[in-house]
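Asker: coords please:
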Amino acid sequence: MEQSMTRGILTFGFLLLLLTPVFAQRLPEGAIPQHYQLTFTPDFNTDTFAGEEIIDLKLTKLANSITLNAAELKFNSVSVEINKMLLPAKAYFDADREMATINAGRPLRPGPVRLHISFTGILNDKLRGFYLSKGPHRKYAVTQFEPTDARRAFPSFDEPDKKATFDISVVANKEDIAITNSKLVSDSPGPGESKHTLKFAATPKMSTYLVAILVGDFQCLEGSADGVPIRACAIPERKELGRFALQTAEYVVHWYDNYFGIKYPWDKLDMIAIPDFEAGAMENIGAITYRETAMLLDEQHASLAAKKNVAIDVAHEITHQWFGDLVTMK
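Answerer: Residues are numbered from 1 along each chain as shown. This is a model prediction of the structure:
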C-alpha cells in the first residue's frame, strides 16, 4: 500500500513538472549572440565593479525589443547600433525572471545589431556571479557562473546553447594580476597612476557559464605539456602547494591528447586555487577554478589518499575541457 501511494505521489509530481511552464525562464527566440567585448573594473574599497560591454548579435526576425539576462546589475547607459547608427535605448527589468528587455523605440529589422551597455554590479558574498573571495590578508574578485550566474557579472544571453566569442579586458590595481579564459596579449599602464589594463586574446566560441575572471595578487607555478602552457596559481603564501597539481596536469594533458585523438583545444591551461569557493572545482575553459583543498597540498607531508584526491580532481576537471567545454549542450 505504501509503495503504491509513493508511486502515485511520484507520478503526480512528474506530471505536474511536465505541466509547469518551465519555458517561462527561457529567453525569447530571435536574437543570436555572436561576440562580446567586455571590460571589468573591480573596486575592493567599495566591493563593487564597473563594466563596459558591446554585444554583436544577429536578429533572425523583426523585433520590437531585445531581451537578455541580467541580475543584480544596474544599467548606466544602453544604446543599440544598427548600420553604424547609434540609437539611445531603455532597459526594462523583470527581476523575478532575471531578464532585461532593451527597447530602442523603433522596430529592429533582421540582421546584425550591436548592443552597447555600461553597467555596475556588486562583488557579492554569495560565492556566485562575480564575487569576493577573502584570503588571510586581502580580498580577491573571482567568478563562478555555472549554472546561471554569468548574468550577475554582465548582461548576457545566459543559456548554454547561446555560444559566442569573448574579448575580455580587466582594469586592475597595479599590484594585481588578472586571469581569464585565454592568454594575456597586452598589459598597459592606466587609467590613472594606480591602475593597469590587461587585455586577453579572443576566446573560441563558448557558453557564458564557462567564462572566468579572477583578479588579485595570485602567484603561479609554470609548466607545459605538448606545447600548451600550464600554470598552477594560488594566493602568494600558498603558491608552492600547487606543485603536485601542476605535475599532475602536465601528465594528464599529454595522456588525454593521445587518448582522445584531439589535442587540448585551448591556448593555455590555468588552474587557480580560491580561498572561498563553493564547488569542489569548475571547468571554465582554460581557467579551471578549485577549492583550495581540492588542488593544494604539501607533498612532503600529504598522505597517499590526499594525493589521490587532488589527482582525481585535476584529471576530472581537465577531462571537462573536452567533454562539457569543447562539446556542450546544443
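Asker: did I read that right, residue 308 in a strand?
Answerer: No - counting by DSSP: H, G, I helix; E, B strand; the rest coil, one finds residue 308 to be helix, located in no strand.
Asker: Pull the number of nearby residues for it.
Answerer: 11 (other Cβ atoms under 10 Å). (C-beta placed from N, C-alpha, C; glycine too.)
Asker: swap in residue 173?
Answerer: 15.
Asker: Tell me who's in contact with it.
Answerer: Contacts here follow Cβ atoms under 8 Å, 6 or more residues apart in numbering; on that basis residue 173 touches 44, 194-195.
Asker: Go ahead and confirm residue 165 touches residue 34.
Answerer: Yes - taking Cβ atoms under 8 Å as the definition, residue 165 is a contact partner of residue 34 at 7.3 Å.
Asker: Return the members of the contacts of residue 173 classed as buried.
Answerer: residue 44 (16 or more other Cβ atoms under 10 Å).
Asker: Need the contacts of residue 173 in CSV (columns: distance to residue 317, secondary structure and pLDDT).
Answerer: Below are those laid out as CSV (distance: Cβ to Cβ, whole Å; DSSP: H, G, I helix; E, B strand; the rest coil; pLDDT from 0 to 100):
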residue, distance to residue 317, secondary structure, pLDDT
44, 28, coil, 97
194, 35, coil, 96
195, 32, strand, 97
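Asker: Can you tell me which of the contacts of residue 173 comes closest to residue 56?
Answerer: residue 195 (27.1 Å; Cβ to Cβ).
Asker: right, and that closest one touches residue 169 too?
Answerer: No - between residue 195 and residue 169 there is no contact, the gap being 11.8 Å when judged by Cβ under 8 Å.
Asker: Now do the helices for the stretch 151-300 of the chain: every range, in order, please.
Answerer: 243-260, 292-295 (DSSP state H, counting those that start in this stretch).
Asker: Among the contacts of residue 173, which one sits closest to residue 233?
Answerer: residue 44 (18.5 Å).
Asker: give the contact list for that closest one.
Answerer: Shown in contact with residue 44 (Cβ under 8 Å, 6+ apart): 123, 138-139, 141, 173.
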